[in-house]
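Participant: Here is my input, please return the structure:
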Amino acid sequence: MNKKGVTLTEILIVMAILIVLIAAAIGAINPIGIFNRARDAQRKKDLNRIKISFEDYFNDKGCYPNKVMVDALINRINCGGRVFSPWLVPWPCDPDGSPYPIVAGDDDNCPKWYKVMTNLENPNDSQISYPGPSTLGSGATVPVNYSVSGGNAAKKKKVLGSTCWEGGCYYITTSCNWVIGCVGDNCYSGRCVDECKIECCGVGCE
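Facilitator: Here you go, the predicted structure:
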């Protein structure tokens, strides 16, 4: 009786085929992309919770969090803490451990608008709007491409390209100059080009 066993060569061929199939499956699944989207989903959820808490705060105080409060909210040491109790506990921060950038304006003591920002990792996310780079309380500038806002800031919201950003209000006279506030109909965010034109920007925008 002729018995034929499995040879080492056959075992190696099977192993090579399995490795190729596993690599192809991992490539199709794209675990890094899945993790990125999961973190982005958490960021959106956090910003939505912050937006709700800010509106609750406004209903109680008649203002959005002032400059002193915002400085505390963007301080990394307060991530996960009770800094915004009772409106939102624990205070959420980005999945990477950094605070979400926040700006509030019109009045340092009693702001009438705010914007909370983050940077989504998925460049193909349909909600990316490039609201700016933003500066944290530490002075560090961080990239952001997604935001939620309330008050007058909500009226100024416009989806801008990557060459534009919120935070710099420009108008055209004989040259392109930076000003605080909106001058006439010539208001631009980031650059003095048509794609960056917005209805109003800066302090005093109603």
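Participant: hey, let's count contacts and neighbours off CA atoms from now on
Facilitator: OK.
Participant: which secondary structure element contains Val148?
Facilitator: Using DSSP states H and E, Val148 falls within strand 146-151.
Participant: so what secondary structure elements neighbour that strand?
Facilitator: Packing partners of strand 146-151 (3 or more C-alpha pairs under 8 Å, 6 or more residues apart in numbering; DSSP states H and E): helix 31-61, strand 113-118.
Participant: For Pro101, find the nearest of these.
Facilitator: Distances from Pro101 to each of the helices and strands packed on strand 146-151 were compared using C-alpha to C-alpha; the minimum, 5.3 Å, belongs to strand 113-118.
Participant: so what strands line up beside the closest one?
Facilitator: Strand 113-118 has the following sheet partners, assigned by DSSP bridges: strand 102-105 (antiparallel), strand 146-151 (antiparallel).
Participant: which of those strands sits most buried?
Facilitator: Using mean count of other C-alpha atoms under 10 Å, the stretch among the strands paired with strand 113-118 with the largest mean neighbour count is strand 102-105, at a mean of 23.
Participant: Now tell me what touches that one from outside.
Facilitator: Outside strand 102-105, the residues within contact range by C-alpha atoms under 8 Å, 6 or more residues apart in numbering are 64-67, 70, 74, 111-117, 136, 203.
Participant: Stretch 47-57 too?
Facilitator: Stretch 47-57 has contacts (C-alpha under 8 Å, 6+ apart) with Cys63, Tyr64, Pro65, Trp87, Leu88, Val116, Met117, Ser147, Val148, Ser149, Gly150.
Participant: Beta-bridge partners for the last one, please?
Facilitator: If I follow you right, that is Gly150. Taking DSSP bridges, one finds Tyr114 as the beta-bridge partners of Gly150.
Participant: Return the residues in contact with it.
Facilitator: Gly150 makes contact with Lys51, Glu55, Trp113, Tyr114, Lys115, according to C-alpha under 8 Å, 6+ apart.
Participant: ok, back up a step: make TSV from the helices and strands packed on strand 146-151 and add distance to Arg82, mean pLDDT and mean neighbour count to it.
Facilitator: Below are the helices and strands packed on strand 146-151 laid out as TSV (distance: least, C-alpha to C-alpha, whole Å; pLDDT from 0 to 100; neighbours: other C-alpha atoms under 10 Å):
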stretch	distance to Arg82	mean pLDDT	mean neighbour count
helix 31-61	13	88	16
strand 113-118	18	87	24
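Participant: between those, which gets nearest to Cys93?
Facilitator: Taking C-alpha to C-alpha as the criterion, helix 31-61 is the member of those that comes nearest to Cys93, at 7.6 Å.
Participant: and the helix or strand following that closest one, what does it pack onto?
Facilitator: Using DSSP H and E, the helix or strand that directly follows helix 31-61 along the chain is helix 67-73. Other elements packing on helix 67-73 under the criterion 3+ C-alpha pairs under 8 Å, 6+ apart are strand 102-105.
Participant: Send me the strand it packs on as PDB with only the CA atoms.
Facilitator: Once side chains and other backbone atoms are set aside, the C-alpha atoms of strand 102-105 remain, and they are given as PDB (Å, rounded to 0.1, in the frame of the first residue of the first chain):
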ATOM      1  CA  ILE A 102     -13.000  77.000  21.900                       C
ATOM      2  CA  VAL A 103     -13.500  80.700  20.900                       C
ATOM      3  CA  ALA A 104     -16.200  83.000  22.200                       C
ATOM      4  CA  GLY A 105     -16.700  86.600  21.400                       C
END
